[in-house]
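Undergrad: mind looking at a prediction? Sequence and model below.
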Amino acid sequence: MSKQSNGMMASVFVGISVDGFMARRNGDIDFLPGDSGEPHGFEEFIATIDAHVIGRNTFEWCLKWMRQHPESGWPYGKKPVIVLSSRALDLSEIRGGNVEHMSGEPQEIVAKLSGRGWKHLYVDGGVTIQRFLRAGLIQKMIITRVPVLIGEGLPLFGSLPHDVRLTHLATKHFSSGLVTTEYRIAGSDE
């Protein structure tokens, strides 16, 4: 697996519509398969990570989801979750989760988390993924395309300062129509 020079690897595992959107404009992800979707490697991926790194928008979506599904609890379980935001956050609603707030540039965040001995981060949320990708801090991307076109929404990728070349590692298709493709960022260390 590819790693940064400090031994840290940052990966993306995300579901998108075939037309490239992570969510609808209002942040809804109702087009993604829920728990009834077939297994496509997510649980196996989660078992390899030390922590989730999410942005404020993803955190607020999680709080909304928890309010709508109080029986389910914190969606990330016991794995550490680092919420990135330049503004103060209210973490008081989190029950049973291991959540902390950080701010700073992606390089600073990776350095702090690497200092804890963590080796593999799961970077999630559109803006957060885009910031880490622009900073050259993502080594692996697993993208699952859901067989739906939503027409408009929040794109997975934003502007980049230069092309980011990808090396194809594997593609799997599932009977539901899901197609999961795994890429390594070309040029990242082996």
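TA: Perfect, thanks for sending it. Residues are numbered from 1 along each chain as shown.
Undergrad: from here on, just use CA atoms for contacts and neighbour counts.
TA: Fine.
Undergrad: which residues of this protein score low on pLDDT?
TA: For the chain, the stretches flagged by pLDDT under 70 are 1-6, 34-38, 188-190.
Undergrad: the helices in it, which residues?
TA: Ranges of helices within the chain are 42-46, 56-68, 106-114, 126-134, based on DSSP state H.
Undergrad: residue 179: which of those helices is closest?
TA: helix 42-46 (13.0 Å; C-alpha to C-alpha).
Undergrad: how close does the residue lying closest to residue 161 once chain neighbours are set aside sit to residue 184?
TA: Closest residue to residue 161 apart from its sequence neighbours, by C-alpha to C-alpha, 6 or more residues apart in numbering: residue 134 at 6.9 Å. Residue 134 sits 15 Å away from residue 184, going by C-alpha to C-alpha, to the nearest Å.
Undergrad: higher neighbour count, these two?
TA: residue 184 (22 against 19; other C-alpha atoms under 10 Å).
Undergrad: measure the more buried one to residue 136 for me?
TA: 12 Å.
Undergrad: quick check: neighbours shared by those two?
TA: Common neighbours of residue 184 and residue 136 (criterion: C-alpha atoms under 8 Å, 6 or more residues apart in numbering): none identified.
Undergrad: the residue nearest to residue 161 contacts residue 158, correct?
TA: No - using C-alpha atoms under 8 Å, residue 134 is not in contact with residue 158; the gap is 9.2 Å.
Undergrad: how about the strands in the chain?
TA: Applying DSSP state E to the chain gives strands spanning 9-17, 21-23, 51-55, 80-84, 98-102, 120-124, 140-146, 154-155, 166-173, 179-185.
Undergrad: export these as CSV, with columns for distance to residue 44.
TA: Listed next are the strands of the chain as CSV, based on distance: least, C-alpha to C-alpha, whole Å:
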stretch, distance to residue 44
strand 9-17, 11
strand 21-23, 21
strand 51-55, 14
strand 80-84, 17
strand 98-102, 20
strand 120-124, 13
strand 140-146, 12
strand 154-155, 26
strand 166-173, 15
strand 179-185, 14
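Undergrad: so which of those strands comes closest to residue 68?
TA: Per C-alpha to C-alpha, nearest to residue 68 of the strands of the chain: strand 21-23, 18.0 Å.
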